[in-house]
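Visitor: need a 3D model of the sequence below.
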Amino acid sequence: MTWDARTPRWRRWPVVLLLLVLVFAGLAIAALVYADSDRESASTPAPTGSPPVSGLEWGEVTWYWVHGAQVPVSRTHGPRENGDLARGFAHTPQGAVLAAVHISTRTSGMAGGEEVFGPTIRTQTTGDVERYYTAIAGNYQELRGGGAAPLIIGYRLDPGSTADDVRLSILARVANPTNPSLTALITGPLHVRWVGDDWKLVVPTGAGEQVKEIPPGFSAMPGQRLANR
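Guide: Below is the predicted model:
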């Protein structure tokens, strides 16, 4: 899936959306059909024996730019380190959500190049790491210069999550790089697990999906607003 550098950027928009769906939520194993530039619309088993997660209160959260992508940082829930790698998340449901956002953003290829997604994938993911790296590296070559980093605006915790193994869906808004008034919503599943002294992203995380409206059950990321546009 390639495009000529001379192709007008507005014509790349459906292709960019497709690639964003693939890299935003996991391995390049799904295929979606886009009829227009407008909207159309195997994880590792979880450990048992941990208490379930509960409702979330966030406190102070600030958003920062990292290589063209926005990521949230909490004084209470982390990360303590917010550079090319994000590390030091709290062992809390909030820390799990933040870890899912930070790690998936950095592994997507939308926040820096191989110098970011390479070390992040190799040190902060678990599962089929090599296949994940290969898929992201391939998609990065397609997206380079043609995509805008999604802004994650919402999350929805899986009720089966535990204190050490959290599954969630995240909702992101992405703008057309040429016409920012044209936006799309993308949602996809993520899975993080407490390993050692920090959270890791479990891969593959599953396929993403472009949606017309905000699905039920989502909560706004702190500092963001749930809205279709």
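Visitor: can you list the strands that the strand ranked longest in the chain pairs with?
Guide: Secondary structure of the chain read by DSSP state E shows that its longest strand is strand 183-195. Here strand 183-195 is paired, per DSSP bridges, with strand 165-175 (antiparallel), strand 198-203 (antiparallel), strand 209-211 (antiparallel).
Visitor: how many residues are close by Ala207?
Guide: By other Cβ atoms under 10 Å, 18 other residues sit near Ala207. For the C-beta atoms, the positions are set from N, CA and C on the backbone; glycine is no exception.
Visitor: distance-wise, check it relative to Thr187.
Guide: Distance of Ala207 to Thr187, given as Cβ to Cβ, to the nearest Å: 10 Å.
Visitor: re the thing from before, so how far is the longest strand of the chain from its chain's centroid?
Guide: Chain-centre distance of strand 183-195: 5 Å, with Cα atoms, centre = their mean, to the nearest Å.
Visitor: now stretch 161-177
Guide: For stretch 161-177, the distance to the chain centre is 6 Å (Cα atoms, centre = their mean).
Visitor: average model confidence for that stretch?
Guide: The pLDDT scores in stretch 161-177 average 89.
Visitor: mind listing what's buried in it?
Guide: 161-177 (16 or more other Cβ atoms under 10 Å).
Visitor: repeat for stretch 218-227
Guide: Under the neighbour-count criterion of 16+ other Cβ under 10 Å, stretch 218-227 has 218-219, 221-222, 224 buried.
Visitor: farthest-apart pair in those residues, please.
Guide: In the buried residues of stretch 218-227, two members sit farther apart than any others by Cβ to Cβ. They are Phe218 and Pro222, at 13.3 Å.
Visitor: around the nearest residue to Glu209 once chain neighbours are set aside, how many other residues sit close by?
Guide: Distances taken as Cβ to Cβ, 6 or more residues apart in numbering place Thr187 nearest to Glu209, at 5.6 Å, with adjacent residues excluded. Thr187 has 21 neighbours, counted by other Cβ under 10 Å.
Visitor: beta partners of Thr187?
Guide: Counting by DSSP bridges, Thr187 forms beta bridges with Leu171, Glu209.
Visitor: residues contacting it?
Guide: 25, 169-172, 208-209, 211, 215 (Cβ atoms under 8 Å, 6 or more residues apart in numbering).
Visitor: wait, doesn't His191 sit right on Val202?
Guide: Yes: the criterion here is Cβ atoms under 8 Å, and His191 meets it with Val202 at 4.2 Å.
Visitor: now do stretch 72-91, average pLDDT.
Guide: Averaging pLDDT along stretch 72-91 yields 96.
Visitor: just the buried positions in it, please.
Guide: By neighbour count on 16+ other Cβ under 10 Å, the buried set for stretch 72-91 is 72-74, 77-79, 82, 84-90.
Visitor: report the central residue of the chain.
Guide: Centroid check for the chain by Cα atoms, centre = their mean gives Ser104 as the closest residue, at 4.1 Å.
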